[in-house]
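Enquirer: Here is a sequence with its predicted model. Questions after.
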Amino acid sequence: MRQTWRWFGPKDLVSIDSMLQAGVEGVVSALHHVPTGTVWSPKEITQRQKEIATTSSGRASGLTWDVVESLPVSEDIKRQTGDWRVHVEAWKQSLLNLHAAGIEVVCYNFMPVLDWTRTDLAHPLPSGATCMRFELPVFAAFDIHILKRDNAAESYPVNVVETAQEIFSNMGATQIEDLVRTVVFGLPGAAENFSLDDLRCHLAAYSGLDEDGLRANLVSFLEEVAPLAQELGMRLCCHPDDPPVPLLGLPRIMSTEADYAHVLKAVDIPANGVTLCSGSLGSRPDNDLPGMMERLGERVHFLHLRNVKRESDKVQTSFYETAHLEGDTDMVALVAAVLKQEAKRRDEGRADACIPFRPDHGQDILDDLARKAQPGYPLIGRLKGLAELRGIISSLTHSHVRGGL
C-alpha cells in the first residue's frame with residue numbers, strides 16, 4: 001500500500017515540508033484553479049509537479065504527484081447538455097497531458113452539483129477535538145426552510161421533518177448564514193460566491209433527470225474516456241457519493257456496491273475502476289467495506305481510508321467523522337482485504353500491485369485547531385490517522401502473521 005497525502009497546492013496551509021516530515025511516499029493533488037471543462041495544459045501540470053518536488057528551502061523533496069484528485073467532470077457532461085461534448089474532449093486531452101507527465105491514476109466523481117455535504121465543519125467532541133458532521137435534521141431544515149425546495153419535506157421521514165421545523169424555529173440569522181456557508185462549501189469553487197439562487201438554478205437544471213438517466217450518462221462518458229485511459233496505461237477511479245444517499249432531490253448513482261458493479265460491468269475494462277472511500281461508503285449501514293474490497297478489489301485503483309460513526313441504523317442517517325480506528329468500519333479487516341488483493345496482483349504480475357491510499361480527512365487536534373486548514377484536511381489529525389494505518393499495515397505484513405494474508 002503506497003502512502004499518499006492530499007495537497008491543495010501552494011495555498012494549502014499544510015506544506016510540502018510537513019508532508020515530508022509525515023513520511024508520505026507520494027502526493028494526491030489537482031489543478032483546482034483551472035476552470036471545469038477546460039484542458040489541463042502541460043505547463044500547468046509541470047508547474048504542480050515542480051511545486052510538489054520542492055521544499056520551502058528550495059531543495060528537492062523527493063515527492064511526486066502520484067494521483068490526480070480530481071479531474072472534474074462538468075455538470076454539462078453529467079446532464080449531457082450544453083457543451084458536454086467539448087468538455088469530454090477537453091477531459092480526454094487532459095488525460096493525454098497527464099500521461100505525458102507520467103501520472104497514471106485519475107480520481108473523479110459523478111455527483112450532481114454537490115461534491116460532498118456536511119452541516120458542521122467543526123463539530124466539537126468531548127476530547128476537545130473537532131470533526132466534520134452531517135446531521136440529517138439540520139440538513140432537512142436547510143432544504144425545507146432555507147432553500148425552500150418544492151416538496152422537500154417528502155424526502156425525509158416524518159420525525160426528521162418535525163425535528164427540522166424545531167431546529168429552524170430556534171435558528172437566528174447568523175446560524176442560518178453559517179449553515180448555508182457550510183452546505184455550499186461542498187460545491188467546487190463556490191465557497192465564497194455561491195448563492196441560494198445559484199443552487200436553485202443548478203437543481204432546476206437537473207429537473208427530469210432520474211437515476212437511470214444519470215447512470216446512462218456516466219456510462220456514456222466512460223465509453224468515451226476509459227478506452228483512451230486503457231490505451232495509455234492509465235487508471236480511472238470513480239469516487240462514491242458523499243453522503244451516499246439522495247440529497248436535494250438530485251439522483252445519486254455511486255452509493256452502493258450494486259452501483260459500482262453496474263458501471264464496472266457496463267464498461268468492462270481494467271482502466272474503469274473504483275476509488276474505495278471507506279468514509280463515504282461507510283456512512284451507509286448496508287455497505288460492507290471489507291466485503292466490497294474483496295469483491296471489487298481487482299478494479300480498486302485508489303483508497304481513501306477514514307472512519308465515521310453513524311447515529312442510527314437507517315440508510316438515511318446522521319454521522320460524524322471519527323478517528324481512523326474508532327468508527328463503524330472495521331479498518332483492520334478492510335486493510336487486510338487490501339493487502340490480500342495486493343498479494344493476488346503480485347502473483348498475477350500486475351504492474352499496479354501496490355495500491356495508493358491516503359489517510360482521508362482527520363479530526364482537528366492540537367495545533368490543527370489554530371491552523372484552520374482546509375476542512376477535513378488537518379495536519380496532525382491526518383498524521384495521527386496515517387500512523388494508525390501504518391501500524392495496521394506493519395502488523396498484518398509482519399513475518400509472524402503475513403502467512404494468513
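Expert: Sure, I can see it.
Enquirer: any residues touching the longest helix along the chain, and which ones?
Expert: With secondary structure taken from DSSP state H, the chain has its longest helix at helix 211-232. With contact meaning Cβ atoms under 8 Å, 6 or more residues apart in numbering, helix 211-232 is reached by 73, 77-80, 88, 91-92, 95-96, 99, 106, 110, 112, 209, 235-236, 238, 251-254, 259, 262-263, 266-267, 269-272. Quick note: C-beta positions are derived from backbone N, CA and C, even for glycine.
Enquirer: Show me which positions of that helix end up buried.
Expert: 213-215, 217-219, 221-222, 225-226, 228-230 (16 or more other Cβ atoms under 10 Å).
Enquirer: Which of the contacts of helix 211-232 fall within strands?
Expert: Within those, residues falling in strands by DSSP state E are 106, 235, 236, 238, 272.
Enquirer: In contact with the nearest residue to the fourth one once chain neighbours are set aside, which residues are there?
Expert: In space, not counting the residues next to it along the chain, residue 238 is nearest to residue 254; the distance is 5.8 Å by Cβ to Cβ, 6 or more residues apart in numbering. The contact partners of residue 254, taken as Cβ under 8 Å, 6+ apart, are 109, 110, 111, 218, 238, 239, 240, 241, 244, 260, 263.
Enquirer: and the closest residue in space to the first one that isn't next to it in sequence, what does it touch?
Expert: So the one you mean is residue 109. Excluding its sequence neighbours, the residue lying closest to residue 109 (Cβ to Cβ, 6+ apart) is residue 239, at 4.1 Å. Neighbouring residues of residue 239 by Cβ under 8 Å, 6+ apart: 69, 70, 107, 108, 109, 254, 275, 277, 280, 304.
Enquirer: export those residues to TSV and tack on distance to residue 348 and pLDDT?
Expert: As requested, the contacts of residue 239 are exported to TSV (distance: Cβ to Cβ, whole Å; pLDDT from 0 to 100):
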residue	distance to residue 348	pLDDT
69	26	96
70	28	91
107	23	98
108	26	97
109	29	96
254	27	98
275	22	98
277	25	98
280	28	97
304	24	98
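Enquirer: ok, so what distance separates residue 88 from residue 11?
Expert: As for residue 88, its distance to residue 11 is 29 Å (criterion: Cβ to Cβ, to the nearest Å).
Enquirer: out of these two, which sits in the busier spot?
Expert: Between residue 88 and residue 11, residue 88 has the larger neighbour count (other Cβ atoms under 10 Å), namely 20 against 8.
Enquirer: what ranges do the strands span in the stretch 1-150 of the chain?
Expert: For the stretch 1-150 of the chain, the strands defined by DSSP state E, counting those that start in this stretch occupy 2-6, 26-29, 65-69, 105-109, 120-124, 130-134.
Enquirer: So residue 326 belongs to a helix, correct?
Expert: No - according to DSSP: H, G, I helix; E, B strand; the rest coil, residue 326 belongs to no helix; its state is coil.
Enquirer: what number of residues lie near it?
Expert: Neighbours of residue 326 (other Cβ under 10 Å): 14.
Enquirer: try the one 3 residues further on
Expert: By other Cβ under 10 Å, 26 other residues sit near residue 329.
Enquirer: For the closest residue in space to it that isn't next to it in sequence, give me phi and psi.
Expert: Using Cβ to Cβ, 6+ apart and skipping the chain neighbours, the partner closest in space to residue 329 is residue 282 (4.3 Å). Note on residue 282: backbone dihedrals following degrees, to the nearest 10 are phi -70, psi -10.
Enquirer: I'd like the mean pLDDT over the longest helix of the chain, please.
Expert: Averaged across helix 211-232, the pLDDT comes to 98.
Enquirer: Run the angle between it and strand 105-109 for me.
Expert: Angle of helix 211-232 versus strand 105-109, following axes from the mean of the first three to the mean of the last three Cα atoms, to 10 degrees, is 170 degrees.
Enquirer: picking that back up, for ChimeraX, write a command that selects the buried ones of the contacts of residue 254.
Expert: A single ChimeraX command selects the buried members of the contacts of residue 254 (16+ other Cβ under 10 Å):
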select :109,110,111,218,238,239,240,241,244,260,263
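Enquirer: wait, which of the contacts of residue 254 is closest to residue 289?
Expert: Ranked by distance to residue 289 (Cβ to Cβ), those are led by residue 240 at 10.9 Å.
Enquirer: re earlier: my guess is the residue nearest to residue 329 contacts residue 330. True?
Expert: No - judged on Cβ atoms under 8 Å, residue 282 makes no contact with residue 330 at a distance of 9.8 Å.
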